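**Q** Fold the following for me, if possible:
(2 chains)
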Amino acid sequence: MKFSIAILLGGLLVAGALHAVEAPAPSKLNTTADHSKFKELQREFSSGPEVTKACITCHTEAALQIHRTKHWTWELLNPKTQQRLGKKHVINNFCLSAGTNMGACATCHVGYGWTDASFDFKSQENVDCLVCHDTTGNYKKLPNGGQPPVKDTESPPGSGKTVKAVDLARIAQRVGKTSRDTCGACHFFGGGGDGVKHGDMDSSLAAPDKVVDVHMDALGLDFTCSTCHKASSHDVAGSRYVPVGKDTDGAHIRGKADKTNPATCQSCHGQTPHKAGSQASKLNQHTDKVACQTCHIPEFARGGVATKMGWDWSTAGQLDADGKPILKKDEHGHVIYDSRKGDFLLAENVTPEYAWFNGDVTYTLLGDKVDKSEGVTMINMLGGSAGDGRSLIWPMKVMRSTQPYDPVNKTLVKPHLSGDDDTAYWTNFNWEKAVATGMKEDGAPFSGKVDFIKTEMSWPITHMVAPKGESVGCNECHARGGLLEKIEGIYIPGRDANQTLNLIGWLAAAGTLAGVLLHGLVRIVRRKN
Amino acid sequence: MERIYIFTRFERFWHWTQALLIIAMLVTGFEIHGTYKLLGFEKASQLHTSAAWALITLWVFAIFWHFTTGEWRQYLPSFKNIDLVIRHYAWGIFQGEPHPFKMTRARKHNPLQAFAYLGVKIMINPLIWISGLAYLYYNELEAAGVALNLGTIALLHTAGAFMMLCFLIAHVYLITTGHTVTAHLKAMISGWEDADAEHGKQAS
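**A** Below is the predicted model of the structure:
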């Protein structure tokens, strides 16, 4: 018996030892496909579309899925306002519009070769897979419609600057999921530079610490963009054209068919997000009026990158004594004047402005009448009020600019800015020529006259969520002259009071006090007598 | 001199705790209202809410005490000799006349006083408490279909606060109108009141 137990134990030991020897072969655990092992990618690629052709031999539906998205079409019909929006159509108060500048703008298009209206939107091979799925950080697109440089290239032409060639095969063999870097390559640099446009998105979010963004904290939760902006069939959730002003649904649950936007705070945190502390229930009561972002993003441009707050195109075109363009920088090294663009106002750690917002956005588009005598033209008008039941108080970056318009036809204009030709403003400094070219492209009327008009554009702030200890405190709004001073339609304790009641109340209290003091005085006087 | 034990230990505890809480709530409440800056809105509202719950708890015990001891009868209104009491405060007190009301264990409050306290109990307090709870739970009220504007709730609550402030001023002053300036105060501290004091004074 003892003997047989010994044999059994020995057998187990041997089995254990054998098991240890046969360790599983090393494999990548973050993917089921190592693209460097794919025959289709083990070759030289001489253009972007060649890579895409290889991709779609396996990913047969991918390019067709991309064709359905805003990332590809740059246009969208707002179902509510019936306005045709998207980068292809809108005018903003930064670089104004894409239009004839498409070759440069399309550096940020998920395609190859969009330089003008002849671009083929049906082409699958024109879809740029690498711009989103690169993991090397080496991928680049040139301002020639977004083609990658396959050999060392002077860009922009005539600038004397060389852009090094990218190794497309190496990049293709290392494709993976999207990352803060791939999304950020365009979205951090919107408006033509780091942090220019959004204010709550810049290169500091590539690897932020907890203070800058509590979710993206590279050493903590380490969210990528797609953790919230969850894509379905390559269509990425979350939109600035048709945003959700007030998400009234609860947190999304696995297995439940949640049709609402997965990028809202509420889609994870629900409607009663405050759990701990004596103030939790009072804070939860705020969620029907105040957007999460209003308290939890006390400031934007918090990562050390300044954002543009103002842009005055009317001062563009000043040249030095030699007729050369001027570039002025402030003490931080930020460009504050550029002959091609005018004066800039930049700021860091900006306290937002606040407004009711219900998700409705109406743009002033090409052809819409604008009137200089009305003061400021709204590039986008945000819907919302205290009483519509769909609004929350949101933080906003408000961009204030002075931009070219047609004073005769009373419309905004799309000038031709970039290009190696004799009308592009950035090389010729002539507004009339630049606007004429830009408007002709759209078949839009232009009187030949250019004047400048003040404009405002609101950007709801939603990124750079601070840790809870850094959020906006009660006292900052519950006070006269507080952050929400201009918010109408609600009673904010500490800010508001009924002045008639105050008058009656204090008169009554003072009257009572005077009465008893008088009564007491008479008692004292009478006692002395 | 005859002394009567007029305020029991619980009554005195109730009175002084309530006094402290009401003063704390007036101070913090008018800060919440935006009248001045002292603790900051956040601390003021935290303290105000905590004090409110403390007072509600105290009230539960006080109401229980009033009904089990029958002391609630002290607040039954009576017009008997009310004219004499009014005349006393308007005239007699200045002449050094004694108070026309003789305090007993069964009837601690003069008719004017009983009316005042009844007014506090059936008007000011319910106004403050109902509006105060609505202030705390207005979201829940709205969810339950009672759409009340927060501004209206705050208006009623503040109106109640002003009434309470007026009551407090008058109440504090009237403490000094005993046969000595501190007699009433001492009674509320020790429980014992000099029942015959006024008569004694008159005799002297």
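**Q** Up against chain B, what does chain A have?
**A** A:278-279, A:282, A:285, A:288, A:473-475, A:478-480, A:490-491, A:493-498, A:501-502, A:504-506, A:508-509, A:512-513, A:515-516, A:519-520, A:522-523, A:526-527 (CB under 8 Å from any CB of the partner chain). Quick note: C-beta positions are derived from backbone N, CA and C, even for glycine.
**Q** in chain B, which helix has the most residues?
**A** Determined from DSSP state H, the single longest helix within chain B is helix B:41-69.
**Q** continuing past that helix, what's the next helix or strand?
**A** As assigned by DSSP states H and E, the chain's next helix or strand after helix B:41-69 is helix B:82-90.
**Q** Which neighbouring elements make contact with that following helix?
**A** helix B:111-119 (3 or more CB pairs under 8 Å, 6 or more residues apart in numbering or on different chains; DSSP states H and E).
**Q** Quick check: next helix or strand after the helix it packs on?
**A** For helix B:111-119, the following helix or strand on the C-terminal side (DSSP H and E) is helix B:125-136.
**Q** any idea how far the closest residue to residue B:117 other than its chain neighbours is from residue A:307?
**A** Spatial nearest neighbour of residue B:117, excluding adjacent residues (CB to CB, 6 or more residues apart in numbering or on different chains): residue B:75 at 5.6 Å. Distance, residue B:75 to residue A:307, by CB to CB, to the nearest Å: 66 Å.
**Q** Residue A:134: how many residues sit nearby?
**A** By other CB atoms under 10 Å in any protein chain shown, 24 other residues sit near residue A:134.
**Q** What of residue A:286?
**A** Neighbour tally, residue A:286, other CB under 10 Å: 18.
**Q** Equivalent analysis for residue B:92, please.
**A** As a measure of burial, residue B:92 has 16 neighbours, counting by other CB under 10 Å.
**Q** Quick check: chain neighbours aside, which residue is closest to it?
**A** Nearest to residue B:92 is residue B:100, by CB to CB, 6+ apart, at 7.4 Å.
**Q** give the contact list for the one you found.
**A** B:81, B:84-85, B:87-88, B:92 (CB atoms under 8 Å, 6 or more residues apart in numbering or on different chains).
**Q** Do any residues in the longest helix of chain B lie close to chain A?
**A** Yes. Contact of helix B:41-69 with chain A (CB under 8 Å from any CB) involves B:41-42, B:45-46, B:49-50.
**Q** Widest-spaced pair of the residues you listed?
**A** Distances among these were taken as CB to CB; the most separated pair is B:41 and B:50, at 14.9 Å.
**Q** Who has more neighbours out of these two?
**A** More neighbours surround residue B:41 than the other of residue B:41 and residue B:50, with 23 against 15 (other CB under 10 Å).
**Q** Quick check: closest non-adjacent residue to the more buried one.
**A** Counting by CB to CB, 6+ apart, the residue nearest residue B:41 is residue A:478, at 4.0 Å.
**Q** Tally up the residues packed near that neighbour, please.
**A** Counted with other CB under 10 Å, the neighbours of residue A:478 add up to 23.
**Q** Output the below-cut-off pLDDT ranges for chain B.
**A** Along chain B, segments meeting pLDDT under 70 span B:1, B:195-204.
**Q** tell me the phi and psi of the residue nearest to residue B:92?
**A** Main-chain torsions, residue B:100, degrees, to the nearest 10: phi -70, psi -10.
**Q** average model confidence for stretch A:240-251?
**A** Averaged across stretch A:240-251, pLDDT comes to 92.
**Q** ends of that stretch, how far apart?
**A** Separation of the first and last residues of stretch A:240-251 by CA to CA, to the nearest Å is 22 Å.
**Q** that older thread, tell me which of the residues of helix B:41-69 next to chain A is nearest to residue A:153?
**A** Checking the residues of helix B:41-69 next to chain A against residue A:153 by CB to CB gives residue B:42 as the nearest, at 58.5 Å.
**Q** got a pLDDT number for the closest residue to that closest one other than its chain neighbours?
**A** Nearest non-adjacent residue to residue B:42, counting by CB to CB, 6+ apart: residue A:474, 3.8 Å away. Per-residue pLDDT puts residue A:474 at 95.
**Q** rewinding a little: so which of the residues of helix B:41-69 next to chain A comes closest to residue B:155?
**A** residue B:45 (17.5 Å).
**Q** give me every residue that touches that closest one.
**A** A:282, A:474, A:478, A:493, B:28, B:32.
**Q** With that, I have no additional questions.
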